[in-house]
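Asks: coords please:
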Amino acid sequence: MSTAPRLIASLCAAAFVLAGCGGGGGSPGAGQTSQQPPPSTTPTNPTPPTGGASPEDLNPNLLGEAFSTYWNLCAKPRTGLDTEGKPFPDRQGTLLDELKFLRAWSNQYYLWYNEIPNTYRMADFTNPIDYFNVLKTPALTASGQPKDKYHFTYATEEWEKEQNSGIELGYGVTWKRNSATVPRTWLVAMVEPGSPAAAAGLRRGDMLLRVDGVDFVNGGTADQVNRINAGLFPETAGVAHQFTLQRSGSTFDVSMLGAEVRIDPVKHVQVLDTPAGKVGYLSFETHNQVSEKELVDAFTTLKQAAVSDLVLDMRYNGGGLLYIASELSYMIAGPEQTSGKIFERPQYNDKTPQQPAIPFRNTAYGFSSPNPVRAGTPLPYLGLKRVTVLTTSGTCSASEAVINGLRGADVQVDVIGSTTCGKPYGFTPVPNCGTTYFSIEFKGVNNKGFGDFSDGLAPTCQVADDLSRPLGDRSEGLLAAALTYRETGTCPPASRARQVPMEIVRHPAKEISIYTKPRQ
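Replies: Purely as a prediction, here's the structure:
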């Protein structure tokens, strides 16, 4: 058994940010598929070599066990301390050691390990990310789509900052887009309080027109795409970039400095008085370590207010820790609905021993964060048999697991909004030599054995995301529809906005569910 940290994740990789921008490719953001921090790279598929392959290329079983043999052997070992103040585990190795680790690991854990081509030679690769990019099935689905669309990397330092502290480099603004090609329409979906975007006065619904003087809507040359990306996704803090936006037909200019922004995962906790009783509401944006304490505090507040129903707003929640999803589900349903039932069971390839199913956790795991909750703390719960969840196509992975897990425990989940992104697959994010690798390893199923939602979970009522009003406003489209459906059982009439689908702009590593190894 390897000593690798078993962080098992279910993915929901979004389409990359902007693709096919009139010849602009190459940069993360306006020329590629997703908001991707600078240390990560988007590799290209090399042409299969024509020369002879080594025995290990042809038969990866000869490589042996990945973690005990090759893990942390690096061509360029890092020195110093990691984000938790611990020395880096890197040891002096070679590029070949890094490639052998990736091939041995994929051969052992990848869900479709027997479909990885053996026509690539390690000797033909000059960096591990390009090699990792081809270590996946080339098969297509019946509709002609890649069978594996969720294979990516992330700079380990950035990944750890986001997971442990909720910190990311940027402006504190979340964008939605309508298309991967010009003409582009990007609208502000969320603004983090206290962020550079908040200080600049950005609001939901503002439309982006120019970035550092470049026409954002129509700019498609390579130089324009590079300048747009440099402005949208700053590589260093403290550098100013200029933006032109439009609001209610009027344009305005702002300047924002890139900064290390701490994202608050739980917002807008409130109690709504309705003719049918008190309804709790909260918006939940990411299942990270910081969210554990914030969710406990939110549900303590709602329980003390004696709410009889809940609207859980996860319209932009791409996922995170599956234990957080499990705890959240328990806090909604309580012991009566969940006792003796599992939250999710991962299903692996035929080489991997069955792992324990994830229960509905009734105590806190005690994740490390700036404001942690003590491990083993009993969780507050509402004991609901029905809950309303607000969704968009940006509702992914661990968020979908909440819906699927509760339904597996016979809790009625009314979904108001759009079909979710549909990512039932899973993987282990594995760090090696400064890069964290993400490769599919399992599919998650609920207590009833259901996990077939690769096309997403359909809404009970299809309602367009309303960017004209703040989240938590009772007149905002999704929340208003949720309250109406709760009282009348009827959905609002179709809106024209549904004809213009929008998607969240973000890196696929923000659309995951991580299953942390249970404490011993």
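
Asks: mind listing the strands for the stretch 401-520 of the chain?
Replies: 412-417, 425-427, 430-432, 435-438, 440-445, 461-462, 503-504, 512-515 (DSSP state E, counting those that start in this stretch).

Asks: can I get the ones you listed in JSON lines with mean pLDDT and distance to Lys76?
Replies: In short, each C-beta sits where N, CA and C put it, glycine included. What follows is these, written out as JSON lines (pLDDT from 0 to 100; distance: least, C-beta to C-beta, whole Å):
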{"stretch": "strand 412-417", "mean pLDDT": "98", "distance to Lys76": "46"}
{"stretch": "strand 425-427", "mean pLDDT": "79", "distance to Lys76": "25"}
{"stretch": "strand 430-432", "mean pLDDT": "95", "distance to Lys76": "12"}
{"stretch": "strand 435-438", "mean pLDDT": "93", "distance to Lys76": "11"}
{"stretch": "strand 440-445", "mean pLDDT": "91", "distance to Lys76": "28"}
{"stretch": "strand 461-462", "mean pLDDT": "96", "distance to Lys76": "51"}
{"stretch": "strand 503-504", "mean pLDDT": "90", "distance to Lys76": "34"}
{"stretch": "strand 512-515", "mean pLDDT": "59", "distance to Lys76": "27"}
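
Asks: all helices of the chain, in order?
Replies: 55-58, 66-70, 95-109, 128-134, 156-165, 196-199, 222-232, 291-304, 322-333, 335-338, 398-408, 477-488 (DSSP state H).

Asks: and of those, who's closest to Pro77?
Replies: Nearest to Pro77 among those is helix 95-109 (10.9 Å), distances taken as C-beta to C-beta.

Asks: just checking, what packs against that closest one?
Replies: helix 66-70, strand 73-74, helix 128-134, strand 430-432 (3 or more C-beta pairs under 8 Å, 6 or more residues apart in numbering; DSSP states H and E).

Asks: most packed of these?
Replies: strand 430-432 (a mean of 23; mean count of other C-beta atoms under 10 Å).

Asks: just give me how far it sits from the chain centre.
Replies: In terms of C-alpha atoms, centre = their mean, to the nearest Å, the centre of strand 430-432 is set 18 Å apart from its chain centre.

Asks: what's it in contact with?
Replies: 4, 71-72, 74, 98, 101-102, 105, 128, 156, 159, 436-437, 439 (C-beta atoms under 8 Å, 6 or more residues apart in numbering).

Asks: okay, among those, which ones form the most distant pair?
Replies: Applying C-beta to C-beta across the contacts of strand 430-432, the maximum distance is between Cys74 and Ser439, 19.0 Å.

Asks: looking at the helices of the chain, spot the one closest to Val311.
Replies: helix 477-488 (5.0 Å).

Asks: show me what counts as buried in the closest one.
Replies: Buried residues in helix 477-488, counted by 16 or more other C-beta atoms under 10 Å: Gly477, Leu478, Leu479, Ala480, Ala481, Ala482, Leu483, Thr484, Tyr485, Arg486.

Asks: save the helices and strands packed on helix 95-109 as TSV, and put in distance to Ser418 too.
Replies: Converted to TSV, the helices and strands packed on helix 95-109 look like this (distance: least, C-beta to C-beta, whole Å):
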stretch	distance to Ser418
helix 66-70	39
strand 73-74	43
helix 128-134	31
strand 430-432	32
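
Asks: which stretch among the ones you listed comes nearest Arg121?
Replies: Comparing the helices and strands packed on helix 95-109 by C-beta to C-beta, helix 128-134 comes nearest, at 9.8 Å.
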